[in-house]
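> Sequence unavailable; structure follows:
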């Protein structure tokens, strides 16, 4: 009789890295992509959620959703605290955004993705679905070169100095929201340019890791907490710096956070605070974007493009997949 071999969480993550985690975001992306341009955000989100839950429940893990999306907008969600997987493997934490950019998908605009992160149990930030202040830059700079609590102009000047350029050569990516009017004005006063996006701040943060290609040097502003944790997981894999703070501006939000173990509502989280151990990050394009191509529906083949990363190795894989049994693909 063969001896029982205990599988460590990191070993399971390594195996999942090859294909299994990719299948999860692929299925969610294809399901959402079938509703591109239909104008129904909730239907597209629900399709992505259902597909992602189905695939997660096939994995050899005992997973817990520690951060998800949906409470704020009453959208369908993989709810925080939900257990997924076959419940036979080691415990892992999971952060999900089955369809980042629901509006982008509904309007068939660039940049919608299906994305998730997975890490060893107890290592991902467990936080309510609230807003989050964020600042992020790519790798290669001294630690603390930018700071969430510093004025925007100061951060722009500090980053420009670290890059050896003038502030005029810095581009900040910011969500196009009325709440960011003062931030945008401050960045421009510092001499930097602003690139505005309507949605999709996970991809936006990732863009800072390759500024030479994307032209994005820094991400700043307030977005969703799920997207913040997912972006931190991606940067943990490819390098960079990120600081965040939950926006707990009502008693109800502070109570929800306290129930999840958050004792300091004003805590400033580093990337390492949000993602403490070995983690995986995967994203599949739903619509075409700067990061990933969207799903392609051919007469016999569905084509997807996915990026999957692992923090312990720094490995980044780009996977272009062709799915031929597309009716089975959609219904499984």
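Yep, that arrived. Only a predicted model underlies this, so the values are computations on that prediction, with no experimental measurement involved.

> show me where the stretch 1-150 of the chain has helices.
9-18, 20-33, 41-56, 102-106 (DSSP state H, counting those that start in this stretch).

> do the same with the stretch 201-332 of the chain
For the stretch 201-332 of the chain, applying DSSP H, counting those that start in this stretch gives helices covering 201-207, 211-214, 225-238, 251-259, 271-274, 326-331.

> picking up where we left off before, wait, which of the helices of the stretch 1-150 of the chain is closest to residue 163?
helix 102-106 (30.2 Å; CB to CB). Quick note: C-beta positions are derived from backbone N, CA and C, even for glycine.

> related to what we said a few turns ago, can you say which of the helices of the stretch 1-150 of the chain is packed in most?
Ranked by mean neighbour count, the helices of the stretch 1-150 of the chain are led by helix 20-33 with a mean of 27 (mean count of other CB atoms under 10 Å).

> angle of it against helix 41-56?
160 degrees (axes from the mean of the first three to the mean of the last three CA atoms, to 10 degrees).

> ok, back up a step: mean pLDDT lowest where, among the helices of the stretch 201-332 of the chain?
Sorting the helices of the stretch 201-332 of the chain by mean pLDDT places helix 326-331 lowest, at a mean of 52.

> Confirm that residue 184 lies within a strand, as I assumed.
No. Assigned with DSSP: H, G, I helix; E, B strand; the rest coil, residue 184 falls outside any strand and is helix.

> My understanding was that it contacts residue 194; is that so?
Yes. Taking contacts as CB atoms under 8 Å, residue 184 lies within contact range of residue 194: 5.4 Å.

> tell me, what's touching these two both at once?
Taking CB atoms under 8 Å, 6 or more residues apart in numbering as the contact rule, residue 184 and residue 194 both touch residue 174.

> With distance to residue 265 and mean pLDDT as extra columns, can I get the helices of the stretch 1-150 of the chain in a markdown table?
Below are the helices of the stretch 1-150 of the chain laid out as a markdown table (distance: least, CB to CB, whole Å; pLDDT from 0 to 100):
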| stretch | distance to residue 265 | mean pLDDT |
| --- | --- | --- |
| helix 9-18 | 30 | 57 |
| helix 20-33 | 32 | 95 |
| helix 41-56 | 28 | 95 |
| helix 102-106 | 28 | 96 |
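
> Please produce JSON lines containing those helices, extended by distance to residue 171.
JSON lines is the format used below for these (distance: least, CB to CB, whole Å):
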{"stretch": "helix 9-18", "distance to residue 171": "32"}
{"stretch": "helix 20-33", "distance to residue 171": "28"}
{"stretch": "helix 41-56", "distance to residue 171": "29"}
{"stretch": "helix 102-106", "distance to residue 171": "21"}
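
> how about the residue nearest to the spatial centre of the chain, what does it touch?
With distances taken as CA atoms, centre = their mean, residue 230 lies nearest the centre of the chain, 3.0 Å away. By CB under 8 Å, 6+ apart, residue 230 lies in contact with 95-97, 100, 115-117, 202, 281.

> what do you get for residue 213?
Contacts of residue 213 by CB under 8 Å, 6+ apart: none found.

> cool, residue 308 as well?
Going by CB under 8 Å, 6+ apart, residue 308 touches 17, 21-22, 280-282, 316-317, 319.

> and if we set it to 10 Å?
16-19, 21-22, 25, 237, 280-284, 315-319 (CB atoms under 10 Å, 6 or more residues apart in numbering).

> Mind listing the residues bridging to it?
Here residue 308 sits in beta bridges with residue 282, residue 317, as judged by DSSP bridges.

> okay, the contacts of residue 230 in a markdown table with neighbour count and distance to residue 302 next?
Shown next, in a markdown table, are those (neighbours: other CB atoms under 10 Å; distance: CB to CB, whole Å):
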| residue | neighbour count | distance to residue 302 |
| --- | --- | --- |
| 95 | 33 | 26 |
| 96 | 33 | 22 |
| 97 | 32 | 21 |
| 100 | 28 | 20 |
| 115 | 33 | 19 |
| 116 | 27 | 20 |
| 117 | 32 | 24 |
| 202 | 29 | 23 |
| 281 | 30 | 23 |
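
> circling back: please convert the helices of the stretch 201-332 of the chain to a markdown table, extending it with distance to residue 131.
Output for the helices of the stretch 201-332 of the chain, formatted as a markdown table (distance: least, CB to CB, whole Å):
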| stretch | distance to residue 131 |
| --- | --- |
| helix 201-207 | 11 |
| helix 211-214 | 24 |
| helix 225-238 | 7 |
| helix 251-259 | 9 |
| helix 271-274 | 15 |
| helix 326-331 | 34 |
